[in-house]
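A.B. asks: next comes the sequence, and after it the predicted model I'd like to discuss.
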Amino acid sequence: MSGPRPTAGTRLRHRAALAVVVLLVLLPLLPVLLWAVADTWRYPDLLPGGLTGRGLRLVTGSSVLGALGTSTLIATAVACLACAVGFPAGRALGMHSFRGRRVVQFLLLAPVLVPALAVTLGLQVFFIRLGLADTVTGVVLVQLMPTVPYAATLLGASYANLDADHERQARVLGAGPWRTVAAVTVPLLRPALVTTWLLTFLISWSEYILTLLIGGGRVTTLPLLLFSAIESSDRTAAAALGLLVVLPPVLLVLVVARLLGSRDDAFLGVARA
Amino acid sequence: MRRWPEPLRVALLLAPALTVVGVFFVGGVAQAVLQSLGHQPLLGESTWSLDAYRAVLTDPAFVASLLLTMRVALISTGVATVLGVGLALLVRRVGGRARMTALFHGTLAIPHLVGALSIGLLLAPSGLLSRVGQALGLVDDAQSFPVLTQDAFGWGIIAEYVWKETPFIAVVALAALSRGVGELEGVARTLGAGAGQRLRSVTIPLLAPPVAAASVLVFAFTMASYEVPRLLGRPFPAMLPVEAFQRFRDTDLGVRPEAMAIATVLAVLSIVVVLAYLRLVAGLTRRQV
Amino acid sequence: MRERLPGPESPGPASARLEVRRLVVRYAGVPAVDGIDLALEPGSFTALLGPSGCGKSTTLAVLAGLQRADEGEVLLDGTALGDTAPERRPLSLVFQKPLLFPHLTVAQNVGFGLRMRRVPRREAAAEVAAMLERVRLDGLADRRIGELSGGQEQRVSLARALVRRPRVLLLDEPFSQLDADLRAEMRTLVRELHDEAGVTTLFVTHDREEAVEVSDRIALMLDGRIAGSGTPQEIYTRPPTLRTARFFGFENEIRGQVAGGVFRSADGTVSARCDLAPGAATLVVRPEAVRLGPAGEDTGTARAGAGGIGPSVRVKDQRFAGTHVVVDVALPDGQRLRAHVPVGSEPAVGERVGVWLPPERCTVLAEVDPTRTSGTGAP
């Protein structure tokens, strides 16, 4: 669709505008990068006065590595459980028409829109009563609340796009119902499953307040360490931890976005942890 | 999967998800409401009253918090929506869609906690922007740099939300633009629509539904997030989630119903705003253009 | 609105003359449209016919201004359109897909072009209502787009294009996604609307029957070039070029030489009068025009002074095709010739028959395809 070709000047202006956008997007990350290796950085110097490996030593220290393990464990568990719970729900939403469908859709939308903090404040006493407070199990369970609705909705959308005849064909060719799901449905939905897993992993990985409320500060994930580092005004520590927190999700998203191609852009777009 | 009757099958498929939502979400909301009305599951004795709501609603701290929350959420959502759509249109025009989408995806994956750290290090009185200002001779010292973090208006919070949510809107808008919008704009051209008319009569109405849905998510999120306003905002007035958590953490357990009252108000508010917004958008897109 | 539109007998200001000169469009250096010329007279109905990928849709996009030409020009009533933006061209384009605006109702879709021109609301509403009636969609004005059938959608699209009274109407395979019955109905409707409004129309299609049925002129486009053009009758009886002949079912090609106003095949068994200059030439004839007779009888030259092969050739193959039988015979020099004969009168394989080519159904073209030896076009 060309029409009148834009003039060279217009093109240049557009390119310049886009370059400014890229800079603006990346700019806030610059001080984090610099602070992570800054030994001293007095005001108003534009660059740090000296470099230090303190940030690097800190993030390879035992307490951070422990938190890294806890974060990975919790996020992996949450992502797997959310996919496992969301997969059948997505099937119901995408392939079946049933009464009360709108109610179910509303129930699955509401946790996304209503603040999780507001909901969890009231729940905390019950986690204490059941002995789930201050445990990894408790944290994983409470994080299912913001992740399961996403998983069910996303998988429901891809189930709706799935041609049910693929499954019928498998049945006609002699596959039992479970074999059909394993050998046909899951492979066909793999892009959606990968995206959903990644997205729920990200939500969990970034979660701070629910972990604090239910983990009581005893289940120490990376965001909790990062938060207290920011509070303590140790900028080098905070910046180094910040990089550690930010790198895995960014890399994961970029890798998966490449694997999936551009057709699932909107899918990933929902990944606003 | 035997040939079970359809309703039973659907019920079984939905059971795990609905259990999670029912126990945690519905249970949580119900508990917040009950505890705001005086139910005390820890002590076991309940004295029902609306005292917590009365206390909260007459508390100037709450009123200030409510105003701040609405202001920050509205400005952040509005700015991110306009910028995101504009950005998507720009990218489509200039090209490089794949690379820009990758950049946006990367930004989306940044946790808000890190976002708060970044914006803090950028905008604080001794932050990078202030240093650049000093170098250019625009600022005398850290004290004369405009207060953009821990400020009363919430600029720092808004900056973080806009930085993180603009790419989200842009990604959604770009995906929507790639779904046949170009073809329909071509049709509009052959029917005599100029550039401005195409934008108003075709592009914007077609983008409105997906972008509106996305900006509802943004609005709900900006109203409800804790760590960003906690780190970039002031203790007073604080945004509603911070306010609620402060009262929840108060050593005086008597304040806890107030925390629950604020939580309930926050939940109700987000639902009301979202419903009103959706209705408005539906009206806008259906209007006789 | 009907009064204001001139009828087909008096193509008035409503319709324009559209001319295309030496048009070239390249994709990555490769020409998709390779120097085509077209001239559409005011009020005419021309079909641009060709297989998919021949460049006909690209040509249409250039005419509408949606695509830039690398060379050549488009003239509307003698004025070059050049870089004129699509929205400033007095043309309407109906696409292959209906491409209705999903956020608008049927009436709003139809009225879109009028709104763009800022036609007063009341006037526009009246014109939209009249147009909806003409495409038999009255009563559906306030429907949403999702509630329409495929045929209804394409009729809305047609109404949307026509209501702005374009001076040229471009149709890009508008019915190819409809099923056969509906397609025939839509063809009739388009022809009716054309005859009423008298608008110069260019109809792109890959369907031979559709082109013949609906248009006054056919231009055949192959590999980015116009391979031949003429009225449907001309194209079917006297194809202007070899490629046109092949596309329109002249399956038999016999190579030979023209000398002294007579075409003679290489082995001398076929001859025909023609007014071509001396040189290599090809005689083309449809299989349904080829007559077979009993062996031994000289059915050829003696009777017609043209196109006869006798006394006998051998039947190589025959196959039942419903309304007729397809018979392939081998000419003396080994070339094959295909004939369609009535069911029941077909000769057996191996039988010897005489062949007669009626001269009025043979066309001699001053072209030879160097890649092919003569004989039947079908393998």
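C.D. replies: Received, thanks. Residues are numbered from 1 along each chain as shown, chains lettered A, B, ... in the order given.

A.B. asks: for the residue of the stretch 101-250 of chain C found nearest chain B, give me the pLDDT.
C.D. replies: Closest residue of the stretch 101-250 of chain C to chain B, C-beta to the nearest C-beta: C:Gly113 (3.9 Å). Every C-beta, even on glycine, is put in place using the N, C-alpha and C of the backbone. For C:Gly113, the model assigns a pLDDT of 92.

A.B. asks: so which strand or helix has it?
C.D. replies: Following DSSP states H and E, one finds C:Gly113 within helix C:112-116.

A.B. asks: export the very next helix or strand once past that helix to CSV, keeping only CA atoms.
C.D. replies: Counting by DSSP H and E, the next helix or strand C-terminal to helix C:112-116 is helix C:121-134. Provided in CSV are the C-alpha atoms of helix C:121-134 (Å, rounded to 0.1, in the frame of the first residue of the first chain):
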residue,chain,number,x,y,z
ARG,C,121,-26.7,13.6,5.9
ARG,C,122,-30.2,13.6,4.5
GLU,C,123,-29.2,13.4,0.9
ALA,C,124,-26.7,10.7,1.7
ALA,C,125,-29.3,8.7,3.5
ALA,C,126,-31.7,8.9,0.5
GLU,C,127,-29.0,7.7,-1.9
VAL,C,128,-27.9,4.9,0.4
ALA,C,129,-31.6,3.7,0.7
ALA,C,130,-32.0,3.8,-3.1
MET,C,131,-28.8,1.9,-3.7
LEU,C,132,-29.7,-0.7,-1.1
GLU,C,133,-32.9,-1.2,-2.9
ARG,C,134,-31.1,-1.7,-6.2
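
A.B. asks: residues near A:Leu65, how many?
C.D. replies: Residues within reach of A:Leu65, counting by other C-beta atoms under 10 Å in any protein chain shown, total 11.

A.B. asks: return the distance of it relative to A:Gly217.
C.D. replies: According to C-beta to C-beta, to the nearest Å, A:Leu65 stands 19 Å off from A:Gly217.

A.B. asks: before we move on, what about B:Glu45?
C.D. replies: B:Glu45 sits 29 Å away from A:Gly217, going by C-beta to C-beta.

A.B. asks: do the helix ranked longest in chain A and chain B come into contact?
C.D. replies: Ranked by residue count and defined by DSSP state H, the top helix of chain A is helix A:62-95. Yes - applying C-beta under 8 Å from any C-beta of the partner chain, one finds helix A:62-95 touching chain B at A:84-86, A:88-89, A:91-92.

A.B. asks: and if you look at stretch A:122-129?
C.D. replies: Yes - Stretch A:122-129 is in contact with chain B by C-beta under 8 Å from any C-beta, via A:122-123, A:125-126, A:128-129.

A.B. asks: most neighbours among these, please name it.
C.D. replies: A:Gly122 (26 neighbours).

A.B. asks: get me the contact residues on the stretch 51-200 of chain C for chain B.
C.D. replies: Proximity of the stretch 51-200 of chain C to chain B, by C-beta under 8 Å from any C-beta, involves residues C:64-66, C:85-89, C:91-93, C:95, C:97, C:99, C:101-104, C:108, C:112-113, C:115-117, C:160-161, C:164.

A.B. asks: list only buried entries from these.
C.D. replies: By neighbour count, with 16 or more other C-beta atoms under 10 Å in any protein chain shown, these hold C:64-66, C:86-87, C:89, C:91-93, C:95, C:97, C:99, C:101, C:103-104, C:108, C:112-113, C:115-116, C:160-161, C:164 as buried.

A.B. asks: ok, and which of the residues you listed reach chain A?
C.D. replies: Filtering these for neighbours of chain A using C-beta under 8 Å from any C-beta leaves C:65-66, C:86.

A.B. asks: where neighbours are concerned, which of the residues of helix A:62-95 next to chain B has the most?
C.D. replies: Top of the residues of helix A:62-95 next to chain B by neighbour number is A:Gly86, holding 30 neighbours under the definition other C-beta under 10 Å.
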